[in-house]
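A.B. asks: no sequence for this one, just the structure:
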Ligand code: C2E
Ligand code: MG
Ligand code: MG
Ligand code: MG
């Protein structure tokens, strides 16, 4: 259609562009209102220790319960939240909500339960990040040793000097860094020796064809070996089948996360899982 004539071509694109800008604007305003009304919810996905099949941690994943559009996935609104800066109050809310919740679960079911929170590149490079985190763990009485921040390679590489300082300060509070979606960024491996990180999360794109693609299997092998020789822990995301799990177990992967065990679930459901695990452990101890 756009090829028909020069004039129409211009109109075609500008109309399209206008619509996009318009929709973004609506989405942005709507997001602002939803933040005030707390129309968001934190879902939790278990992270399982591969050696004992126990839930050792949870990743907090935001959901938008839009009053008219229903549940919206983060992949649709995080990019706009990043562009508009709304990502900062949004992640502060996620951090606060998740710290409160996991603190409660620690007291009820598992003292050593860990919490992983995603931090966007924009937020990670923001001068207030440390202040926000200190304030949140103080207000929620959350132990820094149980907290880890998931950042992408891109987030870490934006300002290397700043990143080194932030990570150093986080470590003083016991907070650890996990590199999320590992293997999908464009950065060199050199940063692994510059930053004191704790964990690497192999991206789902390498895991989904693990059992039938020799390249993906080779990359996964290499990432696990590299991580372990650097004393880093490895978690595989997007594990959906028993075959993938067994393969990863054989390769010495430390943790798994994925639909095979559980998709991200509301807090109430997560609580049931933790309760059940705790009961089973108590029974095993009593035997
Ligand atoms: P992520 O941090 O890499 O989170 C993992 C995503 O993979 C989640 O998508 C999860 O639902 C999905 N997933 C987990 N296991 C499986 C599986 O076995 N199969 C498949 N197909 N998918 C699986 P979700 O919850 O839609 O989140 C998407 C992304 O949105 C996250 O990717 C993260 O980058 C971002 N996100 C979510 N919450 C936040 C947040 O509070 N802050 C920031 N900055 N980003 C967030
Ligand atoms: Mg993540
Ligand atoms: Mg990930
Ligand atoms: Mg991902």
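C.D. replies: Yep, it's here. Because the structure is predicted, anything quoted here is derived from the model rather than measured. Ligands and ions are numbered 1, 2, ... in the order given.
A.B. asks: which residue packs closest to residue 252, ignoring adjacent ones?
C.D. replies: Counting by CB to CB, 6 or more residues apart in numbering, residue 224 is the residue found nearest to residue 252 once chain neighbours are left out, at 5.8 Å. Quick note: C-beta positions are derived from backbone N, CA and C, even for glycine.
A.B. asks: after the helix or strand that contains that neighbour, which helix or strand is next?
C.D. replies: Secondary structure assigned from DSSP states H and E places residue 224 in helix 214-229. Sequence order places strand 233-237 as the next helix or strand after helix 214-229, per DSSP H and E.
A.B. asks: mind checking if that following strand is in reach of ligand 2?
C.D. replies: No - using CB under 5 Å from the ion, strand 233-237 stays clear of ligand 2, with a minimum separation of 7.3 Å.
A.B. asks: what does the stretch 101-250 of the chain have sitting close to ligand 1?
C.D. replies: Contact residues (CB under 6 Å from any ligand atom) of the stretch 101-250 of the chain with ligand 1: 118, 120, 150, 180-181, 204, 237-240.
A.B. asks: circling back to that earlier point, I'd guessed the residue nearest to residue 252 sits against residue 233; true?
C.D. replies: No - when contacts are counted by CB atoms under 8 Å, residue 224 is not listed as touching residue 233 (10.2 Å).
A.B. asks: mind listing what's buried along the helix or strand harbouring residue 246?
C.D. replies: Per DSSP H and E, residue 246 falls inside helix 242-251. Within helix 242-251, the residues scored as buried using 16 or more other CB atoms under 10 Å are 244-245, 247-248, 251.
A.B. asks: name the helices or strands packed onto the next helix or strand after it?
C.D. replies: Per DSSP H and E, the first helix or strand lying C-terminal to helix 242-251 is strand 255-257. Where contact means 3 or more CB pairs under 8 Å, 6 or more residues apart in numbering; DSSP states H and E, strand 255-257 is packed against strand 40-49, strand 54-66, strand 233-237.
A.B. asks: tabulate those (JSON lines), appending mean pLDDT and mean neighbour count.
C.D. replies: As requested, those are arranged in JSON lines below (pLDDT from 0 to 100; neighbours: other CB atoms under 10 Å):
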{"stretch": "strand 40-49", "mean pLDDT": "97", "mean neighbour count": "21"}
{"stretch": "strand 54-66", "mean pLDDT": "96", "mean neighbour count": "20"}
{"stretch": "strand 233-237", "mean pLDDT": "98", "mean neighbour count": "24"}
